[in-house]
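Peer 1: okay, here's the prediction I keep looking at, along with the sequence it came from:
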Amino acid sequence: MQVFPFIVVAWIIGVGLYGIATSRNLIHQIVCLIVVQSSTYVLLLGVGYVTGAVAPYFYDVPVHTPAVDPVVQALALTDVVVEAAVTALLLAIAIQAHKRFGTLDPHELAEFKG
């Protein structure tokens, strides 16, 4: 098992979380959240990678040949759809916050709480 993909995943998550924690703009925070969510693609690639394996269809492939797990590929596609839906929802909320309060600064929006 290779460790490098998991180190890359940890680095991507760290960069995204740093951006979320230090940002003063909702759009920038949403982009940083997309970066964090994108780390799951690398994680799925790291988990599903098999050295010397063939694609997950079995036409003209000898018996007992290692194959890549198609479930991991399905999870990656599902992850893309979930990320797109979450991003669209968060951007819609940010647009409504800007229309209503005139700012995208989370610290200024916290003052309107109440």
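Peer 2: Sure, I can see it. All values reported here derive from a predicted model rather than from experimental measurement.

Peer 1: neighbouring contacts of the helix or strand harbouring Leu109?
Peer 2: Assigned by DSSP states H and E, Leu109 belongs to helix 106-111. Residues outside helix 106-111 that contact it (C-beta atoms under 8 Å, 6 or more residues apart in numbering): Ser23, Arg24, Leu26, Gln29, Ala97, Phe101, Thr103. All C-beta spots, glycine's among them, are computed from the backbone N, C-alpha and C.

Peer 1: cool, stretch 2-20 as well?
Peer 2: Contacts for stretch 2-20 (C-beta under 8 Å, 6+ apart): 28-29, 31-36, 38-40, 42-43, 45-46, 49.

Peer 1: same deal with stretch 46-65?
Peer 2: The contact list for stretch 46-65, computed with C-beta under 8 Å, 6+ apart, reads 2, 5-6, 8-9, 66-70, 72-73, 76.

Peer 1: ok, the residues you listed vs Ala92, which is closest?
Peer 2: Nearest to Ala92 among the contacts of stretch 46-65, counting by C-beta to C-beta, is Ala76 at 25.0 Å.
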